[in-house]
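A.B. asks: structure for the following, please:
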Amino acid sequence: MNYSVSVPLISSLLLLITITASVYGQQKSYSLHDFPPLYKFDDYDSCLAHKNHISPGTYCMVYAEIKPNNSSDMWQQIMEHYGEYPFRYRRDHLFFGVCVERCLKLIKTKEINKLQENDLIKNEITDYFDKVHKRPLDERFRKEYHDLIHNCLNAEFQQKYDLNLRTYIEYCEESKDIKQEETKDPLESLFYKILGVLIILNILSTMYDFCLKLQQPEENQTNDFYKINPQQMVSRLLTSFSVCRNYYRLIQPYFSDVGKDFKFLDGYRSICMMFALFGHTFFCEFQHIANPQYFEKSSDDENSLWFLNTTMIIETYFVMSGLFLFIKFQQGRYVSPQTSWQKFFLIYIQFMVFRFIRFLPTVGLLILFNATILTRLQNGPFWRHITEPVRVFSREKGWKNILMINNFSHKESPSHHTWYIAADWQLFALYLFVIMIVAKYPKIKKYTYSSLVILAFVIPFSISYLLKLKPSFVIKPESYRYSFFKDIDVYFKIYTPFYTNLFGYLFGIICAEIYLKYTRTAEIRKIIHEKPIYIVAAHFVAIVAFLLFWLGPILEINAPSSIWSALYTGLHRILWIIFVCGIPLLLMSCNCGWIAYEFCCLPIFRFLARLSFQVYIWHMTIVYLLNGYQRQPYYVNNFYFFTQFIVLYFFSNAVAFIMALFVEYPIAQIAQVLQSKSNDKSDKKS
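C.D. replies: This is a model prediction of the structure:
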């Protein structure tokens, strides 16, 4: 063996290993504060105020992605940070607010390099931006300033981080935009005309109602006059927009036995709406925040993620809708085995039309407002990023909201949260038909209900298992950062379709049957009051609710898509509806429930519950207005977050009060009068 060759070779290998280990050991470590900021904006107002003899001030919002560079310690740690846990921001996806004048000064002494193919971004995000930001200035400035801004940002970024960027101009604004936007908009004119008509109707109806009051005997000329509906149908229609009368309708107590038995649901409805608004306060994690680690750290602990898995709360509203639909139908006795098919379908169409009439004005006004006025209410570097999709898709896709089918096309939806309105409409149409067909053929009730229960489990279970989806819809920091839901198929496939939400309405119908047959009777109520069953039930409900909230994120992180996660998908909403909605609902309908019942029956909840529909419709518009105007990335902490929730809640209720008083309740009164008239006609014919 030749040792003279082997010894130097071994020595060289040892030296190489030592140097490699030394270099690896000297790898620089970066903290989160050393990473490039997700958002960095030049001064917006001073930029647009700047004018010279060549051009007005121009400000551009630029989306950038860091080019991969495996030799960079910074790049490697950015990727490790994002990959180690699902609830992380992509620190390689950045937004820059760029003043073009600053870039012109910076690049003046340097040569502007032409962009290569790998300097351009072409992916799902930029394709979406192309669909949204298509004003003439946007398209012109993308061509005119892209090379300049790309070189400008890269010169700064390379100097500070030794990394390169790929860039895309999302949109640009210049100071003369204000004059250009003053051109007439037919849609905006339509909105103002509708607004004017509503104001005139409210004024005239209130004056007419006041004249009717003056015609009463002097002792009856009090505000109690507004609490009793006029006898004549014409007067009821003419006073439907009376502000005084609708205010008393808004605050009046319940008079019917059913209303009194279920007054606790006002507390349910109000508290669930608070939870919904609290959940949507997390929208600020998708805006231009200065400390993204706030939301990352709040999600670090798996046990604290339960508050992100509160989307099941919306099922409570489906249960209540099914409950009241069945009770109303049973009390009206609209269909019997002797009902002809002609009358059957006529009743079905009437119900659907009158429900559509109640939804249409509010949804239509929301679409028109978002399409026209919203973008004018604020400005700022990130304002168009937040509101331009709402404006564009309200104009192009708003008809889907009007037809209640927007829960099947989320990416181009003008108001993502209104998926619930569409799903509720579709479930109402389905279960109205189910109730009517069961009333006509009572013998098929058990088979029909059993089939629907099976479908309520099998459909979400099968979709989850076959498509290998996550077990529940848990929002992540990147889920909506680009103004559309990204990489979250469980939201599209499981959360929002009506056919994956079958059980809520059905269980509401079952609860209504139990109430009408059993729990409203004095004997059953006496038995329940004598036994403290509600105390045991309260503890059981609390435990089940927490376990369902807690288990979803645990499976989300730790369990791969499997039959077990699919079982959770199929069962968790059913269990929530039965144990967290159903048990308290049935017990409280017997006027028991200890302090929880007394709390839910407080008069304040009656008022808040009647505003809840309008609160839900308008609260996201308030969310946009609260932070969209911020000129610089803003700092978030617990105090700021909870303050945002409180402000959102009060502003949403203020807007809801106006909309309920001037739009919702007048339209509801007209629908009620027309429906009672049509029912009278059908009764005379039969």
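
A.B. asks: tell me the mean pLDDT for stretch 566-580?
C.D. replies: Mean pLDDT, stretch 566-580: 87.

A.B. asks: list the buried residues for it?
C.D. replies: For stretch 566-580, the neighbour count (16 or more other C-beta atoms under 10 Å) marks 566-580 as buried. Quick note: C-beta positions are derived from backbone N, CA and C, even for glycine.

A.B. asks: where does the stretch 201-350 of the chain have low pLDDT?
C.D. replies: Along the stretch 201-350 of the chain, segments meeting pLDDT under 70 span 301-310.

A.B. asks: repeat the analysis, applying 90 as the threshold.
C.D. replies: Applying pLDDT under 90 to the stretch 201-350 of the chain flags residues 216-224, 228-232, 279, 282-285, 295-314, 332-333.

A.B. asks: residue boundaries of the helices in it?
C.D. replies: Under the criterion DSSP state H, counting those that start in this stretch, helices of the stretch 201-350 of the chain are mapped to 233-238, 243-251, 257-261, 265-280, 293-298, 315-332, 341-372.

A.B. asks: swap in the stretch 1-150 of the chain?
C.D. replies: Under DSSP H, counting those that start in this stretch, the stretch 1-150 of the chain gives helices at 3-25, 44-49, 73-83, 100-107, 124-132, 136-161.

A.B. asks: nearest to residue 389, of the ones you listed?
C.D. replies: When those are compared by C-beta to C-beta, helix 124-132 sits nearest residue 389, at 4.9 Å.

A.B. asks: domain-wise, how is this structure divided?
C.D. replies: Listed by automatic domain parsing, the domain ranges of the chain are 30-179, 184-252, 253-685.

A.B. asks: what residue lies at the spatial centre of the protein?
C.D. replies: The residue lying closest to the centre of the chain (C-alpha atoms, centre = their mean) is residue 417, at 2.9 Å.

A.B. asks: next, the buried residues of stretch 324-331.
C.D. replies: Here stretch 324-331 shows 325, 326, 327, 329 as buried, counting by 16+ other C-beta under 10 Å.

A.B. asks: which residues touch that stretch?
C.D. replies: Applying C-beta atoms under 8 Å, 6 or more residues apart in numbering, the contact partners of stretch 324-331 are 258, 335, 428, 431-432, 435-436, 439, 505, 508-509, 512-513, 515-516.

A.B. asks: buried only: go through those residues for me.
C.D. replies: Buried members of the contacts of stretch 324-331, counted by 16+ other C-beta under 10 Å: 258, 335, 428, 431-432, 435-436, 439, 505, 508-509, 512-513, 515.

A.B. asks: just the residues you listed: which are in helices?
C.D. replies: Of the buried ones among the contacts of stretch 324-331, the ones assigned to helices by DSSP state H are 258, 428, 431, 432, 435, 436, 439, 505, 508, 509, 512, 513.

A.B. asks: among the residues you listed, give me the pair with the biggest separation.
C.D. replies: Using C-beta to C-beta, these reach their maximum pairwise distance at 258 and 436, which is 20.1 Å.

A.B. asks: which of the residues in stretch 647-663 are buried?
C.D. replies: Under the neighbour-count criterion of 16+ other C-beta under 10 Å, stretch 647-663 has 648-649, 651-653, 655-657, 659-663 buried.

A.B. asks: how about these in a markdown table, adding pLDDT?
C.D. replies: Listed next are those as a markdown table, based on pLDDT from 0 to 100:
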| residue | pLDDT |
| --- | --- |
| 648 | 96 |
| 649 | 97 |
| 651 | 97 |
| 652 | 97 |
| 653 | 97 |
| 655 | 97 |
| 656 | 97 |
| 657 | 98 |
| 659 | 97 |
| 660 | 96 |
| 661 | 96 |
| 662 | 97 |
| 663 | 96 |
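
A.B. asks: okay, these in CSV with distance to residue 349 and secondary structure next?
C.D. replies: Formatted as CSV, the buried residues of stretch 647-663 follow (distance: C-beta to C-beta, whole Å; DSSP: H, G, I helix; E, B strand; the rest coil):
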residue, distance to residue 349, secondary structure
648, 39, helix
649, 38, helix
651, 38, helix
652, 34, helix
653, 35, helix
655, 33, helix
656, 30, helix
657, 33, helix
659, 27, helix
660, 27, helix
661, 30, helix
662, 29, helix
663, 24, helix
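
A.B. asks: redo the residues you listed as TSV? Include distance to residue 408.
C.D. replies: Below are those laid out as TSV (distance: C-beta to C-beta, whole Å):
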residue	distance to residue 408
648	28
649	30
651	31
652	27
653	31
655	28
656	27
657	32
659	26
660	29
661	33
662	32
663	27
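
A.B. asks: and residue 322, how far is that from residue 575?
C.D. replies: Distance of residue 322 to residue 575, given as C-beta to C-beta, to the nearest Å: 17 Å.

A.B. asks: what are the ranges of the helices in the stretch 401-550 of the chain?
C.D. replies: Under DSSP H, counting those that start in this stretch, the stretch 401-550 of the chain gives helices at 419-440, 445-467, 489-490, 502-514, 522-530, 533-558.

A.B. asks: buried deepest among the ones you listed, which one?
C.D. replies: Each of the helices of the stretch 401-550 of the chain was given a mean neighbour count from mean count of other C-beta atoms under 10 Å, and the largest, a mean of 24, is that of helix 502-514.

A.B. asks: please name every helix or strand in contact with that helix.
C.D. replies: helix 315-332, helix 419-440, helix 445-467, helix 563-575, helix 583-588 (3 or more C-beta pairs under 8 Å, 6 or more residues apart in numbering; DSSP states H and E).

A.B. asks: neighbouring contacts of that helix?
C.D. replies: With contact meaning C-beta under 8 Å, 6+ apart, helix 502-514 is reached by 315-327, 330, 427-428, 430-431, 434-435, 449, 452-453, 455-457, 459, 573-574, 577-578, 581-582, 585-586, 589.

A.B. asks: quick one: least confident helix or strand in this protein?
C.D. replies: Every helix and strand in the chain was compared by mean pLDDT, DSSP states H and E; the lowest is helix 177-180, with a mean of 48.

A.B. asks: next one: stretch 337-348 to chain centre, how far?
C.D. replies: Taking C-alpha atoms, centre = their mean, to the nearest Å, the mean C-alpha location of stretch 337-348 is offset from the chain mean by 38 Å.

A.B. asks: same check, this time on stretch 253-273
C.D. replies: Worked out by C-alpha atoms, centre = their mean, stretch 253-273 lies 24 Å from the chain centre.

A.B. asks: what of stretch 361-369?
C.D. replies: Averaging C-alpha positions (C-alpha atoms, centre = their mean) puts stretch 361-369 16 Å from its chain's average.

A.B. asks: which outside residues touch it?
C.D. replies: Contact with stretch 361-369 is made by 187, 190-191, 194, 394, 398, 401-402, 414-415, 418, 421, 613-614, 617-618, 621, 659, 663-664, 667, as judged by C-beta under 8 Å, 6+ apart.

A.B. asks: pull out the buried members of these.
C.D. replies: So, by 16+ other C-beta under 10 Å, the buried ones in the contacts of stretch 361-369 are 191, 394, 398, 401, 414-415, 418, 421, 613-614, 617-618, 621, 659, 663-664, 667.

A.B. asks: thanks a lot, see you next time.
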